[in-house]
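1. sequence first, then the predicted structure:
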Amino acid sequence: MANMSGFLSCSIVILPRNSSFCGLKKLKLWRTCQYKTVVASVNEGSKDDIRRPKVQWYPGHIAKAERVLKDKLRLVDVVLEVRDARIPKSTEHPELQSWLGEKKRLVVLNRRDMVPQEALSVWIKTIKQQGFEVFDTNAKLGNGIQRLRKALIFCGKAINEKRRVKGLLPRSVHCMIVGYPNVGKSALINRLVNRAIAKSQNRPGVTRTFQWIQVSDQIQLLDSPGIIPPKLVSQSSAEKLAFCNDIGSGSYDNQVVASALLECIRNVGTVWSQDHCFVRFNERFGIDMLKHSGEMLLEIISRKQFSNDKEKTAQKILAEFRQGLWGPLCLEWCDSEL
Ligand SMILES: Nc1nc2c(ncn2[C@@H]2O[C@H](COP(=O)(O)OP(=O)(O)OP(=O)(O)O)[C@@H](O)[C@H]2O)c(=O)[nH]1
Ligand SMILES: [Mg+2]
């Protein structure tokens, strides 16, 4: 795991006397370098990652879902790609664009309630710069849904205008919802339809079949099972999917992943004004997160509160993070921030 001790112990810098301008410049440069190091380690993981057991998940039902999804794409006008706002980079399917070709792709950053506004704004700006229309939603409570609905109706109008020119009758816009498992695809559909029509539960792999859902006479949605690439982009991304419960729990070791999560949070909390998480963590477990490595934190909490049961401790840590009990946290930053 990235060793942050150097960064932390150096966070107080003594500037030489009467060199305020030059010193400040140096400090800024030094901070930028540290920032880059931390962001790189958060996004890419460190060399030490290779020492940890690999997280890999590609069950048969996902392989099948990918095949069907490619086939169903012929039937849709628009694709709504749902990502987890806590890890927008790790929940972007690397092959999606090549499957879509010229088809319209809208990006939804869901779980907006689970990340700080600052992080959300930066991600929205970055994805917009990549040429996509972006929507931020909370599919659990329904925030941001109205804007999305309007955008889909707008897409439908453009399609029907082309149909009218060709002498065809108008029809509803056909939109497929795609994304990694457990990012909130079905919850989003339920919000768009205003009733619980698609099965939505807090575990990956709930939706197993493709299901057409008529939202109104203007919009028809296709719910789809979560997909992930056969080989995950990097171990750092794979671990983040595990932190966020976006891949099957059978594919990783809870203790390894919980330690890695704590290490990751030690990094992101330090850099991106997300340090409320340290206070919350201290309130809950009575430990200063910055004083120990992720592995040590797991060890200490297990000793102090769980009679040395490290598995139970790991499950508790993962559950608390996934419930958002340490406050809003975005676990990855965009490269454009570097
Ligand atoms: N806090 C929060 N929870 C959400 C949000 N959207 C969805 N959820 C919850 O996340 C869990 C997963 O949602 P689903 O809609 O089943 O996710 P999915 O992408 O359809 O998952 P699969 O069908 O397994 O691929 C559910 O418990 C939802 O209530 C959100 O914006 N914020
Ligand atoms: Mg689903």
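-> Noted; the coordinates are in hand. Ligands and ions are numbered 1, 2, ... in the order given.
2. C-alpha from now on. contacts and neighbour counts both.
-> Noted.
3. surely residue 136 forms part of a helix?
-> No - judged by DSSP: H, G, I helix; E, B strand; the rest coil, residue 136 forms no part of a helix; its state is strand.
4. that one pairs with what?
-> For residue 136, the beta-bridge partners under DSSP bridges are residue 109.
5. what's the burial count for it?
-> Neighbours of residue 136 under the rule other CA atoms under 10 Å: 24.
6. same question, the one 3 residues further on
-> Neighbours of residue 139 under the rule other CA under 10 Å: 23.
7. enumerate every residue touching it.
-> By CA atoms under 8 Å, 6 or more residues apart in numbering, the residues touching residue 139 are 110-111, 145, 184, 187-188, 191.
8. now with 7 Å, please.
-> Contact partners of residue 139, counting by CA atoms under 7 Å, 6 or more residues apart in numbering, are 110-111, 184, 187-188, 191.
9. tell me the two of those residues that are most distant?
-> Farthest-apart pair in the contacts of residue 139 is 111 and 191; separation 13.3 Å (CA to CA).
10. so where's this structure shaky on pLDDT?
-> Across the chain, residues meeting the criterion (pLDDT under 70) sit at 1-51, 272, 335-338.
11. for it, what lies in contact range of ligand 2?
-> 186, 207 (CA under 5 Å from the ion).
12. now residue 72: how far from ligand 2?
-> 17 Å (CA to the ion, to the nearest Å).
13. and that residue, what helix or strand is that in?
-> Assessed by DSSP states H and E, residue 72 sits inside helix 60-72.
14. for the helix or strand that comes right after that helix, packing partners?
-> Using DSSP H and E, the helix or strand that follows helix 60-72 towards the C-terminus is strand 78-84. The contact analysis (3 or more CA pairs under 7 Å, 6 or more residues apart in numbering; DSSP states H and E) places strand 78-84 against strand 104-110, strand 173-179.
15. ok, back up a step: now neighbour count too, for the contacts of residue 139, in TSV please.
-> Formatted as TSV, those follow (neighbours: other CA atoms under 10 Å):
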residue	neighbour count
110	28
111	22
184	29
187	24
188	25
191	23
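16. among those, which ones lie close to ligand 1?
-> Restricting the contacts of residue 139 to those within reach of ligand 1 (CA under 6 Å from any ligand atom) leaves 110-111, 184, 187.
17. got the CA coordinates for stretch 99-111 in CSV?
-> This file holds the C-alpha atoms of stretch 99-111, laid out as CSV (Å, rounded to 0.1, in the frame of the first residue of the first chain):
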residue,chain,number,x,y,z
TRP,A,99,-19.9,-0.9,-28.6
LEU,A,100,-21.9,2.2,-29.0
GLY,A,101,-20.3,3.7,-32.1
GLU,A,102,-22.3,6.8,-32.9
LYS,A,103,-25.2,6.1,-30.5
LYS,A,104,-25.9,8.8,-27.9
ARG,A,105,-24.4,8.2,-24.5
LEU,A,106,-25.5,10.1,-21.4
VAL,A,107,-23.5,9.7,-18.2
VAL,A,108,-25.2,9.5,-14.8
LEU,A,109,-23.2,10.0,-11.7
ASN,A,110,-25.4,8.2,-9.2
ARG,A,111,-25.1,8.2,-5.4
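18. ok, residues contacting the helix or strand residue 316 falls within?
-> Using DSSP H and E, residue 316 falls within helix 310-322. Contact with helix 310-322 is made by 243-244, 254-255, 258, 298-299, 301-302, 306, as judged by CA under 7 Å, 6+ apart.
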